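In: Need a 3D model of the sequence below.
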Amino acid sequence: MKKLALASLVATLLSAPVLADVTVSDPWVRATVPSQKATGAFMQLTADASSRLVAARSPVAGVVEIHEMAMASGVMKMSPIPGLDLPAGKAVELKPGGYHVMLMDLKGQVKEGDKVPLTLVIEGKDGKQQTLELTAPVRPLNAPAASKPMEHGTH
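Out: Just a heads-up that it's a prediction; the model follows:
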């Protein structure tokens, strides 16, 4: 009986879905001016197993989307995308002028020095989702794409 219980436990552990660990490096949000209704959140994401960023949420915004910037007919255009692939072991950078999390319908001004809570939704290859909670500091309107690391989060 003990052997059957042990075999059952081992089989359960081996068949349990393995969710990707995703490391977030240098998250930040760009400050806004009064009455501005949108801003971007930026960071570097590294997953230990292939997965996908499929959604994001924040209490500071009514709408949060994953966006990309791309050239189309010689014009830089921003558009929402359904998700962003996170290849195993490869850092994916969300930065101004590239992929980013767009915070829209802001509920108030986002000021330099504020901390913005973000929830990222990561989907594994098996379709299982996990959430990753983090807080991103707000940098000035003219903040460069790369700056010294400030806060890190892991899941």
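
In: Just the CA trace of the helix or strand encompassing I122, in CSV.
Out: Assigned by DSSP states H and E, I122 belongs to strand 115-124. This file holds the C-alpha atoms of strand 115-124, laid out as CSV (Å, rounded to 0.1, in the frame of the first residue of the first chain):
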residue,chain,number,x,y,z
LYS,A,115,5.1,54.0,-7.2
VAL,A,116,2.8,52.3,-9.6
PRO,A,117,1.5,48.8,-8.8
LEU,A,118,1.4,46.5,-11.8
THR,A,119,0.1,42.9,-12.3
LEU,A,120,1.5,41.0,-15.2
VAL,A,121,-0.3,37.9,-16.5
ILE,A,122,2.0,35.2,-17.8
GLU,A,123,0.8,32.2,-19.7
GLY,A,124,2.8,29.0,-20.0
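
In: how far is it from where the chain is centred?
Out: 5 Å (Cα atoms, centre = their mean, to the nearest Å).

In: What residues of it count as buried?
Out: V116, L118, L120, V121, I122, E123, G124 (16 or more other Cβ atoms under 10 Å). Just so you know, the C-beta spots here come from the backbone N, C-alpha and C atoms, and that holds for glycine as well.

In: where does this structure have low pLDDT?
Out: 1-19, 145-155 (pLDDT under 70).

In: what's across from the residue nearest the centre of it in the sheet?
Out: In the chain, the C-alpha nearest the mean C-alpha coordinate belongs to L120, at 4.7 Å (Cα atoms, centre = their mean). On the basis of DSSP bridges, L120 is bridged to A56, L132.
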